[in-house]
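A.B. asks: Here is a sequence with its predicted model. Questions after.
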Amino acid sequence: MADKYTGALVWLLHMGDKGLRTNLLPLKYSLFGIQSKHIPDLIRMALDEELVQDADKPQAYAGIHAWRALGELQAAEAVEPLIGLLKYADEPYHSDWILEDLPRTLGKIGPTAIPVLWSYGNNPSLWGFFRQSALTLLA
């Protein structure tokens, strides 16, 4: 795991749920050296299924920190990959983080998320829950 992520991203692996459970004073990831140059690796971290395998370890929360950092950076290129996380909102994962926190992140990214969400929500070839969740994120 240590060799997959380097530099400022290593910090995210060790944070655990610190700073995630309050919206009163959100973390400023830029203070930890996270910059636009990290966007591709943040996307990779946000989607890394290996990180969430052991929910008792701090690294299980690294993906959430990664998507929040992407929101802070207003990373438009992250919208489509992040929407792919909706598959974890239903069985067997039931991740409340996806349905409660991901909309805030997409809102921080801004209006570039709207057409992508609309496209997913109106795609009849996608699974119904996935489509409904995409449209819910627009609300």
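C.D. replies: Everything's here; your move. Numbers count the residues shown, from 1 in each chain.
A.B. asks: Could I get the buried residue list for stretch 70-87?
C.D. replies: Residues 70-73, 75, 78-79, 81-83, 85-86 are the ones in stretch 70-87 that count as buried (16 or more other Cβ atoms under 10 Å). To be clear about C-beta, it is placed using only N, CA and C from the backbone, and glycine gets the same treatment.
A.B. asks: any chance of the residues you listed in CSV, with distance to residue 109, pLDDT and secondary structure too?
C.D. replies: As requested, the buried residues of stretch 70-87 are exported to CSV (distance: Cβ to Cβ, whole Å; pLDDT from 0 to 100; DSSP: H, G, I helix; E, B strand; the rest coil):
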residue, distance to residue 109, pLDDT, secondary structure
70, 7, 96, helix
71, 6, 94, helix
72, 9, 95, helix
73, 8, 96, coil
75, 6, 96, coil
78, 7, 96, helix
79, 6, 93, helix
81, 12, 93, helix
82, 8, 92, helix
83, 11, 85, helix
85, 14, 85, helix
86, 15, 77, helix
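A.B. asks: Could you single out the nearest of those residues to residue 30?
C.D. replies: residue 72 (6.6 Å; Cβ to Cβ).
A.B. asks: can you tell me which residues contact the closest one?
C.D. replies: The neighbours of residue 72, taking Cβ atoms under 8 Å, 6 or more residues apart in numbering as the test, are 28-30, 34, 108.
A.B. asks: Next, give me the two most distant ones among those.
C.D. replies: 34 and 108 (14.0 Å).
A.B. asks: max-length helix in this protein?
C.D. replies: As assigned by DSSP state H, the longest helix anywhere in the chain is helix 96-109.
A.B. asks: can you list contacts of that one?
C.D. replies: Among residues not part of helix 96-109, those counted as contacts by Cβ under 8 Å, 6+ apart are 20, 23, 64, 67-68, 70-72, 74-76, 78-79, 82-83, 85-86, 88-89, 113, 117, 133, 136-137.
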